[in-house]
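Asker: coords please:
(one chain, ligands or ions: 1)
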Amino acid sequence: MRGHPQSAGAVPVRWLPDPTVTDIMITEQEIQELVAAATAVRTLAYVPYSGYAVGAALRTDNGHIFTGCNVENASYGLTVCAERVAIFKAISDGFDSFRRIAVVADTEDPTPPCGPCRQILWEFAGDIEVILANLREEKGRYRLSALLPLPFDARLLTK
Ligand SMILES: [Zn+2]
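Answerer: A predicted model of the protein is given here:
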């Protein structure tokens with residue numbers, strides 16, 4: 001049985017205060033609100049195969065919050081992560097300017113977004129703040145650029 005990928009290559013959890021987010025002004029109340037929204041939507045996760053429920057809450061620049069949970073499928077590869085559900089909901093509702101996202105899972109250490117979600121977040125949200133939390137209210141804060149330090153994006157497609 002495969003273990004949790006906490007060994008080589010895993011992103012170390014950095015606890016508050018994270019030096020990569022010192023330029024971001026945010027109140028503890030804003031963090032709690034976003035984490036609470038992610039925690040609430042996590043209960044709706046469709047995870048009959050893994051049991052690994054994740055919730056995400058994305059705040060737009062003008063204060064709207066879009067939530068998402070992971071949605072699995074019997075064809076495992078079709079599973080969509082909570083972060084992507086949240087951002088696709090926001091994009092499909094016409095929002096395109098984002099401030100931060102919170103991701104909540106019931107894990108020992110707060111769980112960072114997977115690689116594809118980092119790429120999707122970079123595409124639509126750029127270098128936003130990423131708040132990670134578990135159910136024990138332990139949190140980490142990162143800039144997305146710290147989680148995806150050399151992103152591939154549209155700048156590379158210009159000739
Ligand atoms: Zn993901």
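Asker: Distance check, the residue nearest the centre of the chain against the ion.
Answerer: For the chain, Val103 is the residue whose C-alpha lies nearest the centre (Cα atoms, centre = their mean; 4.4 Å). Distance, Val103 to the ion, using Cβ to the ion, to the nearest Å: 9 Å. All C-beta atoms are positioned from the backbone trio N, CA, C, and that covers glycine.
Asker: Cys114 is in contact with that residue, correct?
Answerer: No - using Cβ atoms under 8 Å, Val103 is not in contact with Cys114; the gap is 10.1 Å.
Asker: neighbours of Phe66, just the number please.
Answerer: When neighbours are defined as other Cβ atoms under 10 Å, Phe66 has 23 of them.
Asker: What of Asp96?
Answerer: Asp96 - counted by other Cβ under 10 Å - has 11 other residues nearby.
Asker: same deal with Phe152?
Answerer: 11.
Asker: residues in contact with it?
Answerer: Each residue near Phe152 by Cβ atoms under 8 Å, 6 or more residues apart in numbering is listed here: Gln119.
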